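Give me the fold of what follows.
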Amino acid sequence: ENNYDYLHISTCSGGGAPNPPTSPTPSPTPPSPPTSPPPSSPSPPSPPAQCTSYDEVPSSPFTGNQLPEPVTSQSGGFRVKMVTDGSQRRAGFLGWYGPSSGLPLHSCAASGQTFTDSMGQIWDGSSQYENSQTCSWIIAPSGASQVAIVFDQLHMEQDFDWIVVDACANAACSNYAVLATLTGTSVPSNPIIADTGIMRVRMITDETETRPGFKATYSTEVASCSGAAHQDLTNGGGIIMDGEGNYQNNQVCEWDIIPEEEGQAMSLSLVSFKMENNYDYLHISTCSGGGAPNPPTSPTPSPTPPSPPTSPPPSSPSPPSPPAQCTSYDEVPSSPFTGNQLPEPVTSQSGGFRVKMVTDGSQRRAGFLGWYGPSSGLPLHSCAASGQTFTDSMGQIWDGSSQYENSQTCSWIIAPSGASQVAIVFDQLHME
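Predicted coordinates:
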């Protein structure tokens, strides 16, 4: 109920639970004769850390019908509190919580703000955008020479509702050049790049008809086939593609995506895919074995006579370890991929990915475009996995594209081991 009933959302801002009080110190007693120490026993497991203070997120408390944008707590979790008054009732709220990808996600609720993240996502903010709505976001990562954006989803009312992408000459975007105007459902097959290092994205809708809207991923890093045939990508996240326009014949390109931290889960999500069917292929593999082998050690020198003792040299910090390099990979189900069917997003729980494109000597297509970055670890299943059974305790399913196909039937069975119930909520729903 607007301005009467509220939902408060807060993120943790301070420490864990205080230590329990200790027992009072007993009076001293005479020393006892020495005895054998009692056998050691393992310490009991520590309880989960409890937050002791919270800060409300911007725009909280929430009221009315405007859907709040997703919120990430970098550590410590959330506190969610609903408070209602003594009259009038409404449907309330519904959502989900779980591990975060670490990528900031900005909606129309954050319109007009400037974001300095080197990688993130923006979206309209609901399963159906509003009429007569104008939202804008300025992306200005510190020190960036370029900002690139790809569209995970695009569904705007054709020729009436628009996404506009600008290259800005300054952080206020008072001087800009229009890079792209997008409408309808056709996702660009190449990234849109602002080589000024500052980008603005605008969504403009008219007064009638709405659609599911858009979701896009931006980054300052772009990897393509240009240059070396093999590339190690160690920057933690970015955009990956075959290159501008159609790919080349007789081309082999390979990328190893290496997490910034050992054991970090990574995601790879393709937004556009067009390869010559049964002749040109994209191989996607996840790491299945260890980190980089240790460098060879120097041979042991011959013994020398002992020297008189000297003071030890001052210690110096060890140099930082390089990112772990995977030594073996397993291709994901259905890889290698060919044709026009968009592969579903892939998660590597640790160790990253190897992506390899191989083309033959004739015929060329638009190739592939996608992004990689830190993952929530939540499995995401599309129509490409139709008919399979999933035993994850938590996950996500979707149709698999910005516009589902005609005459399509997809099914998923969710059967977590030992579960007494399975619940589902819908982040988006727009069917004919």
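
Pull the contacting residues for Asn175.
By CB atoms under 8 Å, 6 or more residues apart in numbering, the contact list for Asn175 reads Cys168, Ala169. The C-beta positions use only the backbone N, C-alpha and C, and glycine is treated the same way.

switch to 6 Å and redo it
By CB atoms under 6 Å, 6 or more residues apart in numbering, the contact list for Asn175 reads Ala169.

need the helix or strand of this protein with the lowest average pLDDT.
strand 380-381 (a mean of 76; mean pLDDT, DSSP states H and E).

Can you name the residues in contact with that strand?
For strand 380-381, the external contacting residues (CB under 6 Å, 6+ apart) are Pro345, Gln396, Ile397, Trp412.

With adjacent residues omitted, what lies nearest to the third one?
In space, and not counting its chain neighbours, Ile397 is closest to His381: 4.8 Å by CB to CB, 6 or more residues apart in numbering.

Let me know the secondary structure of Lys356.
strand (DSSP: H, G, I helix; E, B strand; the rest coil).

Run through the chain and note the low-pLDDT ranges.
Scanning the chain for pLDDT under 70 picks out the ranges 15-49, 69, 74-76, 99-102, 227, 290-324, 376-378, 400-402.

Let's see that with 50 instead.
Counting by pLDDT under 50, the ranges of the chain that qualify are 16-31, 33-34, 45, 291-306, 308-309, 311-312, 314-317, 319-321.

could you say what helices and strands the helix or strand following the least confident helix or strand of the chain packs with?
For strand 380-381, the following helix or strand on the C-terminal side (DSSP states H and E) is strand 389-390. Using 3 or more CB pairs under 6 Å, 6 or more residues apart in numbering; DSSP states H and E as the contact test, no helix or strand touches strand 389-390.

circling back: generate a markdown table for the contacts of strand 380-381, with distance to Thr181, neighbour count and secondary structure as supplementary columns.
Listed next are the contacts of strand 380-381 as a markdown table, based on distance: CB to CB, whole Å; neighbours: other CB atoms under 10 Å; DSSP: H, G, I helix; E, B strand; the rest coil:
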| residue | distance to Thr181 | neighbour count | secondary structure |
| --- | --- | --- | --- |
| Pro345 | 28 | 22 | coil |
| Gln396 | 31 | 16 | strand |
| Ile397 | 32 | 18 | strand |
| Trp412 | 36 | 15 | coil |
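
Any chance of JSON lines for those residues, columns distance to Leu233?
Output for these, formatted as JSON lines (distance: CB to CB, whole Å):
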{"residue": "Pro345", "distance to Leu233": "17"}
{"residue": "Gln396", "distance to Leu233": "25"}
{"residue": "Ile397", "distance to Leu233": "28"}
{"residue": "Trp412", "distance to Leu233": "31"}
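
and which of the residues you listed is nearest Leu270?
Pro345 (7.6 Å; CB to CB).

Is it correct that Val147 is in contact with Ile193?
No. Counting by CB atoms under 6 Å, Val147 stays clear of Ile193, with 7.2 Å between them.

ok, these two, which is more surrounded?
Using other CB atoms under 10 Å as the criterion, Val147 and Ile193 rank with Val147 on top: 28 against 17.

how far away is the closest residue to the more buried one other than its chain neighbours from Ala167?
With sequence-adjacent residues excluded and distances taken as CB to CB, 6+ apart, Val147 is closest to Met199, at 4.2 Å. According to CB to CB, to the nearest Å, Met199 stands 6 Å off from Ala167.

Just want to know which of these two has more residues nearby.
Met199 (28 against 22).

is that one in a bridge, and if so with what?
Ile139, Ala167 (DSSP bridges).

Could you report the distance from it to Ala216?
From Met199 across to Ala216, the span is 10 Å (CB to CB).

and the residue nearest to Ile397, how many neighbours?
What His381 shows, counting by other CB under 10 Å, is a neighbour count of 20.

now it: how far from Tyr404?
For His381 relative to Tyr404 (CB to CB), the value is 15 Å.

and if you look at Cys410?
9 Å.

Equivalent analysis for Gly237, please.
Gly237 is 28 Å from Tyr404, by CB to CB.

now swap in Asp124 and tell me
19 Å.

neighbour-wise, which of the two wins?
For Asp124 versus Tyr404, the count of surrounding residues by other CB under 10 Å is larger for Asp124: 26 against 14.

Number of residues surrounding the nearest residue to that one once chain neighbours are set aside?
Distances taken as CB to CB, 6+ apart put Gly213 closest to Asp124, at 3.4 Å, once the chain neighbours are dropped. Neighbourhood size, Gly213 [other CB under 10 Å]: 28.

Would you confirm that Gly213 contacts Ser127?
No. With contact defined as CB under 6 Å, Gly213 does not reach Ser127; the gap is 8.0 Å.

so Val178, which of the three states?
Per three-state DSSP, Val178 ends up strand.

Could I get the contacting residues of it?
Here Val178 is in contact with Asp166 (CB under 6 Å, 6+ apart).

cool, Gly373 as well?
Per CB under 6 Å, 6+ apart, neighbours of Gly373: Leu103, Met119, Gly237.

Okay, and it sits in which element?
Here Gly373, judged by DSSP H and E, is contained in strand 367-374.

Parallel or antiparallel, which strands does that strand pair with?
Short version: by DSSP bridges, strand 367-374 pairs with strand 238-241 (antiparallel), strand 266-274 (antiparallel).

Can you name the next helix or strand after the shortest one?
Pointing back at strand 238-241 there. By DSSP H and E, the next helix or strand past strand 238-241 is strand 252-257.
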